[in-house]
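Asker: Structure here, sequence nowhere to be found:
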């Protein structure tokens, strides 16, 4: 289990380092929104699989929808904010 | 090349994945706050803290209350000693589910006294799972096999003072066990965990709690005998009474879980043929759990005997009702289901909350507040789901609506709570499967919700509605056969231990 935590941490760290190396201009609130969306995505996936493991299908999909959709919207907003600023520059 | 490889289950994988992100926020939100060192030290001595020495390994948001001060209001002046022996004699004839007792007591079988509950239960399951094929032969076989042993390992026909087959310390040639009350409680917990119990607590008999001891009980030959307290040194009995020395003043109380999946989706909820063969109904998981509890109680009494102490059997319906003692011991809270206490850890999947009255010195444990009782006030899912309408849909009340009927366990006066209509209930267990507190750790959301419910009640209505919309509750009974069953049927998440 801890191996999965480690791998996930490594992937996130690599992504952040890559972002910093590319010298993107990322505002503090974009970091915040990105972090929140990442947490929501992880939460949505964990809830969905946890519910499925206990045979609660409706709960799994509803949970994925409730946590996943806002996460994707947030992520898209962050992506667009960063990308548009980069294009302007 | 070796084929050996480690296996990470889907649940473990998802737990780990969730842990990475959610764990950070969760640990910050969920960490107990100690304002100074004194609070920390005090918490370690608490019976319901998260410290390793704690008797109950409850989450941080479960709060302790004062002794005899449960989340259910009790008016001790109204509490009366129930005449359980006489009540039960009255109850038997019109309770088809007690067919086994009718046989034991040589009472006539009268299955027509209430309508056959089987079509109602079948309708309930088919409404939820239209593809359900109905009770199959394998379901009948499973139920029959468990029922067969239930008849042999029962709570009637067992010596109230223990079917003692072990030696006393004198016979061993060793001194009687001596320990502090705290050490003794931990010792009993260690023993009881070994024989299948989950939570362990102790309620000392005081002027108040002594009123919860039944006035009378019933023997295996349907003889009503009184429970009498005396100043004698030793337990004794005659044809009319069990004589209990006053020095037996600790009610050791412990819970045992139902088989999880059989509780959540009960294959054995079709009592028709059981009523006809006179073995009694009850869910298969119920039967299994009761049998374990009878054996555990037998072993506990022998354990206490070999320590050099006396005990009175409190398995199932013996000596006192389970609900108040489980609540007073801090194992769970009184809930809308009335005769089922709900635990912050295992929800309503607890099957048995047994007791054992002993003179072994034991530290008392305190009642708890996990927000369960308050949540029941606004939730009511169990009452809505009950296919027989046996649960109250209103708020908690002082009314004991069966006052002119046999009182039974759930219908006694003296507390502001809920009562069960014993004449409607068929012990199908659907209410237990519907309880929102069953959702323990299958998702991070439930941990968050339960800690919120334990802290404030303002979101209770919202959470109850979410529970309904998310369609939790009763599982498709048919799936049980295809599942990889955990040993003894209890989910590994709830087995606990190091």
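Answerer: Right, received. Where do you want to start? Keep in mind the model is a prediction, meaning the values are calculated, not measured. Numbers count the residues shown, from 1 in each chain, chains lettered A, B, ... in the order given.
Asker: Which secondary structure state does the nearest residue to residue B:236 once chain neighbours are set aside sit in?
Answerer: In this structure, residue B:236 finds its nearest non-sequential neighbour in residue B:243, 4.7 Å apart by Cβ to Cβ, 6 or more residues apart in numbering or on different chains. Every C-beta, even on glycine, is put in place using the N, C-alpha and C of the backbone. Per DSSP: H, G, I helix; E, B strand; the rest coil, the secondary structure class of residue B:243 is strand.
Asker: quick one: contacts for residue B:243?
Answerer: Applying Cβ atoms under 8 Å, 6 or more residues apart in numbering or on different chains, we find residue B:243 in contact with B:228, B:230, B:232, B:235, B:236, B:237.
Asker: Give the ChimeraX command for selecting the buried subset of the residues you listed.
Answerer: A single ChimeraX command selects the buried members of the contacts of residue B:243 (16 or more other Cβ atoms under 10 Å in any protein chain shown):
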select /B:228,235
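Asker: give me every residue that touches residue 67.
Answerer: Chain wasn't specified; assuming chain A. Contact partners of residue A:67, counting by Cβ under 8 Å, 6+ apart, are A:40, A:41, A:43, A:44, A:47.
Asker: Can you look at chain B instead?
Answerer: B:328, B:364, B:366, B:367.
Asker: who does the residue nearest to the third one when sequence neighbours are not counted bridge with?
Answerer: With sequence-adjacent residues excluded and distances taken as Cβ to Cβ, 6+ apart, residue B:366 is closest to residue B:64, at 4.4 Å. Residue B:64 has these beta-bridge partners by DSSP bridges: residue B:368.
Asker: what's the burial count for residue B:64?
Answerer: Residue B:64: 19 surrounding residues under other Cβ atoms under 10 Å in any protein chain shown.
Asker: coming back round to it: from the contacts of residue B:67, which two are the most distant?
Answerer: Using Cβ to Cβ, the contacts of residue B:67 reach their maximum pairwise distance at B:364 and B:367, which is 10.3 Å.
Asker: And the two? Which one has more around it.
Answerer: Neighbour count, other Cβ under 10 Å: between residue B:364 and residue B:367, residue B:367 has more, with 26 against 19.
Asker: what sits against the more buried one?
Answerer: Residue B:367 neighbours (Cβ under 8 Å, 6+ apart): B:64-71, B:327-330, B:333.
Asker: which one is it nearest to, not counting chain neighbours?
Answerer: What sits nearest to residue B:367 in space, not counting adjacent residues and going by Cβ to Cβ, 6+ apart, is residue B:70, at 4.3 Å.
Asker: cool, residue B:189 as well?
Answerer: Leaving aside its sequence neighbours, residue B:189 sits nearest to residue B:200 (Cβ to Cβ, 6+ apart; 4.1 Å).
Asker: Count the neighbours of whichever residue of chain A sits closest to chain B for me.
Answerer: Nearest residue of chain A to chain B (Cβ to the nearest Cβ) works out as residue A:46 at 2.7 Å. Applying other Cβ under 10 Å, we find 27 residues neighbouring residue A:46.
Asker: now it: how far from residue B:304?
Answerer: For residue A:46, the distance to residue B:304 equals 45 Å [Cβ to Cβ, to the nearest Å].
Asker: likewise residue B:166?
Answerer: As for residue B:166, its distance to residue B:304 is 10 Å (criterion: Cβ to Cβ).
Asker: higher neighbour count, these two?
Answerer: More crowded of residue B:166 and residue B:304, by other Cβ under 10 Å: residue B:304, with 23 against 15.
Asker: list the contacts for the more buried one?
Answerer: Applying Cβ under 8 Å, 6+ apart to residue B:304 gives the contacts B:162, B:310, B:311, B:356, B:358, B:360.
Asker: Please repeat the previous calculation with a cut-off of 10 Å.
Answerer: Residue B:304 makes contact with B:162, B:164, B:166, B:177, B:188, B:191, B:252, B:310-311, B:356, B:358-360 under the criterion Cβ atoms under 10 Å, 6 or more residues apart in numbering or on different chains.
Asker: which stretches of the stretch 351-498 of chain B have low pLDDT?
Answerer: For the stretch 351-498 of chain B, the stretches with pLDDT under 70 are B:401-410, B:423, B:440-441.
Asker: Does the residue nearest in space to the middle of chain A lie in a helix or a strand, and which?
Answerer: Most central in chain A under Cα atoms, centre = their mean is residue A:38, positioned 2.2 Å from the mean C-alpha point. Assessed by DSSP states H and E, residue A:38 sits inside helix A:28-53.
Asker: just checking, next helix/strand downstream of that helix?
Answerer: Tracing the chain C-terminally past helix A:28-53 and defining elements by DSSP H and E, one meets helix A:57-88 next.
Asker: rewinding a little: so how far is the helix holding residue A:38 from its chain's centroid?
Answerer: 6 Å (Cα atoms, centre = their mean, to the nearest Å).
Asker: ok, back up a step: and of the contacts of residue A:67, the nearest to residue B:139?
Answerer: Comparing the contacts of residue A:67 against residue B:139 with Cβ to Cβ picks out residue A:47 as the nearest, at 31.9 Å.
Asker: what separates the closest one from residue A:41, distance-wise?
Answerer: The gap separating residue A:47 from residue A:41 is 11 Å, by Cβ to Cβ.
Asker: swap in residue B:309?
Answerer: From residue B:309 across to residue A:41, the span is 57 Å (Cβ to Cβ).
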